[in-house]
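Novice: Got a predicted structure here, sequence first:
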Amino acid sequence: MRFVTLIAILAMYTIGCLAQEPDIWTWNVQGAWIRPTGSGSFPSIPGIPSPGDLTFEARSSVSAAQFAVGGDIGIPSDLRIGGRLRYSAIELQYRANERVPIANPDGPGVYVATIAHDLNARTVNLDLAPYLRYEPLRWIAVELAAPVMIPLSSRYQQRMFFSDPQNVPFLDGSIERITGQGTIPSLAVASLALQARIEGMVELSSSGSLALTPFVAYQQSITSPAPDGALSSRILSVGLGLRSSFKAAREVALVPLVPRRRERTLRDTTVELSRMVKQPQTVLMQRSTDSVDQGDVRDVTIRETYVTYYPKPPAILRASMQLAFVHIDGTVSDDARVLAQRVRATHAVQLLPLVVFDSTSTELPRRYVKLSPAEVPTWRPTLSVTDAPTHWQYSIHNIVGSRLRSSRTSCSLVVYVDSTQVGRARAEQRAQTIRRYLRETFGIDERRLPLRITQASGVLANCIGFDPVNPALAALTTTQMINDTELPNVRVVPDVVSESGILRWAVSVQTNGRTVRVISDTGALPAFIPWNMNADLQSEARQQDVDLHLEVVDRDSAWARSEPATIRLRSQAAADRSMIPIERTEYLDLTTSVPGLQLPSIDHRDAIRATPRDGTTSWYLRGLEEPELSLYQHATLWRKQERRP
């Protein structure tokens, strides 16, 4: 009753829409392949013989064909309403299992066997399917339908056989029995379903009045064709249809005659050069129309603006360069002279009084040097700077132990802790590790190593420190004689000719096939480009040729590279004939390494701050690993060197 009421309401609404304004009618014919599947379970159908209370479960189904014809009409908001008459045959398969005791076929005793009851039900239906259709785009549509399924004929067959064990005969010797067949009893006059459908539309005519419609649909039974929910089904449909439309007759309104049209066209063309085209191309850039009515004549003026692009010829771009050398005495020449001199180099190293532990470990890290008691008498703190294979920071505990062993003084251990109890306990265990090492290796009594607890965060939270103002942490000073070579500074003088202007440039320096420096920038090139050879060439590289290349890119993306300029340093070294060593002192200042860590200042009067371009600030970083490497990168190096006329 509710379904009939819904159909009546939709029909009244459709009639009202048609009364206001006639619209486009469509008809459609369709064929589909359907795959029905039983849904749910049910007891025996009344009227079909059954041995007892069985529950039938859905099994595999049989595919079939479906044919339909229908029509619809438009209503407001891109919606359409219509109906479809469908013809189809649905065959469903069910099975119920019955457990019965039988004599054991393999020996004495009783075996509980399984008898399978298979039910095949086939109905031929005529469906009336009202639907609501939505077409958001010209090529796709969505439908929601409520098919009323009316069975025209029906047929069932029920059989039984042993499924476990298989091929067991009945008393009459048969393997399978037909327990019932005929017309399905107690079948409803009609049943209701709900279908959702998506449909594509491929237009076959330029007017769009004829279209090919592939579709896919899914249908679910709402009411069952038989009692107790029996024979309910789910149906998947895939098919193809043909859809045609025609316009309802409308009253033709009279329109006034338009004036006679008289046109003229004005064209304006400009020419531009472009690297984006290989052949001349003309492009319409703008079009405007003005009209003036003069009696029964309308004068129309059309203005069009065109641009014709011609291929732009390659821009002129050339690059070359010359080299000049600025020597230590301030003179400039065309050849690279190398000055060799003997230097008495003194390094004054301020000690960083920290042992940095791994994040969660309380053991001394493996990168720190561990001495045996037998090595202590011959070990000297200065050896950690000059002859040690590792950095002196990894011997800071040995330096403190050696000096305490000689002076018999005390030195506080600074225990840096964070705000957690776990962190405090870990820090105290680390302090005991340092105490135990100094006692077992250098014989330092733990009473000479009192603990001082200090709150800290960051890298300090993983450190055990020594009292920085203690004499045991005084700066290390080493002196050694070295043969030093001083290379001149290079001036790269570019000579570039560019028609469109330089976008970016780069000078690359290579030695032995390896790039050691790239100097680059954007915009125009300067008068000369300076390069400090001492900063990038190690001692072994100073005996090899050095090649420089200049590369430029202009604003039209053209690229040019100069011929390489080669610097030959071999056999051009000039030695200091006096061979009197030059005094050079370098002071390593670590007061800026760790924020919040106070260190006594190092005396570097009359010294100047060394910059990275001097090539003298890397020796104190060799052999360092993280996290100590990050601490030393903030250090400051001061240099004082004797100047000779």
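Specialist: Yes, it's here.

Novice: What is the neighbour count of residue 283?
Specialist: The local packing of residue 283 (other CB atoms under 10 Å) involves 11 other residues. C-beta coordinates here come from the backbone N, C-alpha and C atoms, glycine included.

Novice: Quick check: can you name the pairing partners of the helix or strand where residue 553 lies and their directions?
Specialist: With secondary structure defined by DSSP states H and E, residue 553 is part of strand 546-554. Sheet pairing of strand 546-554 (DSSP bridges) gives strand 502-511 (antiparallel), strand 559-561 (antiparallel), strand 565-567 (antiparallel).

Novice: now the helix or strand just after the longest one and strand 546-554, what's the angle there?
Specialist: Spelled out, it's strand 502-511. Per DSSP H and E, the first helix or strand lying C-terminal to strand 502-511 is strand 514-522. Computed with axes from the mean of the first three to the mean of the last three CA atoms, to 10 degrees, the direction of strand 514-522 lies at 30 degrees from that of strand 546-554.

Novice: Make 175 the starting number, not 1.
Specialist: New numbering, starting at 175: the last item is strand 688-696.

Novice: Same question for whatever helix or strand comes next after strand 688-696: list its buried residues.
Specialist: Using DSSP H and E, the helix or strand that follows strand 688-696 in sequence is strand 703-706. Neighbour-count burial for strand 703-706 flags 703, 705, 706 (criterion: 16 or more other CB atoms under 10 Å).

Novice: so what secondary structure elements neighbour strand 703-706?
Specialist: strand 663-672, strand 676-685, strand 688-696 (3 or more CB pairs under 8 Å, 6 or more residues apart in numbering; DSSP states H and E).

Novice: 6 Å - rerun?
Specialist: Packing contacts for strand 703-706, counted by 3 or more CB pairs under 6 Å, 6 or more residues apart in numbering; DSSP states H and E, involve strand 663-672.

Novice: could you give the mean pLDDT of the strand it packs on?
Specialist: Per-residue pLDDT values across strand 663-672 average out to 91.

Novice: in that strand, what counts as buried?
Specialist: Within strand 663-672, the residues that count as buried by 16+ other CB under 10 Å are 663, 664, 665, 666, 668, 670, 672.

Novice: Just give the strands next to it in its sheet, each with its orientation.
Specialist: strand 491-500 (antiparallel), strand 703-706 (antiparallel).

Novice: Dump those strands into a markdown table; add distance to residue 288 and mean pLDDT as well.
Specialist: Converted to a markdown table, these look like this (distance: least, CB to CB, whole Å; pLDDT from 0 to 100):
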| stretch | distance to residue 288 | mean pLDDT |
| --- | --- | --- |
| strand 491-500 | 90 | 91 |
| strand 703-706 | 93 | 89 |
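
Novice: Would you reformat these as a markdown table and include distance to residue 451?
Specialist: Below are the strands paired with strand 663-672 laid out as a markdown table (distance: least, CB to CB, whole Å):
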| stretch | distance to residue 451 |
| --- | --- |
| strand 491-500 | 20 |
| strand 703-706 | 37 |
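
Novice: Out of these, which gets nearest to residue 731?
Specialist: strand 491-500 (10.4 Å; CB to CB).

Novice: List the buried residues for the closest one?
Specialist: 491, 493, 495, 497, 498, 499.

Novice: So for residue 417, what's the pLDDT?
Specialist: pLDDT recorded at residue 417 is 90.

Novice: What helix or strand is it located in?
Specialist: When elements are assigned from DSSP H and E, residue 417 belongs to strand 407-421.

Novice: Now that strand: buried residues?
Specialist: Residues of strand 407-421 classed as buried: 407, 408, 409, 411, 413, 415, 417, 419 (neighbour count, 16+ other CB under 10 Å).

Novice: so how far is residue 326 from the first one?
Specialist: In this structure, residue 407 and residue 326 are separated by 16 Å, where distance is defined by CB to CB, to the nearest Å.

Novice: State the helix or strand in which the most centrally placed residue in the chain lies.
Specialist: Nearest residue to the geometric centre of the chain (CA atoms, centre = their mean): residue 800, 29.5 Å. Using DSSP H and E, residue 800 sits in no helix or strand.

Novice: Tell me how far it lies from residue 248.
Specialist: 74 Å.

Novice: Kindly report the same for residue 577.
Specialist: 100 Å.

Novice: the more surrounded of these two?
Specialist: Neighbour count, other CB under 10 Å: between residue 577 and residue 248, residue 248 has more, with 23 against 18.

Novice: what comes up buried for the helix or strand harbouring the more buried one?
Specialist: Assigned by DSSP H and E, residue 248 falls within strand 238-249. By neighbour count on 16+ other CB under 10 Å, the buried set for strand 238-249 is 238, 240, 242, 244, 245, 246, 247, 248, 249.
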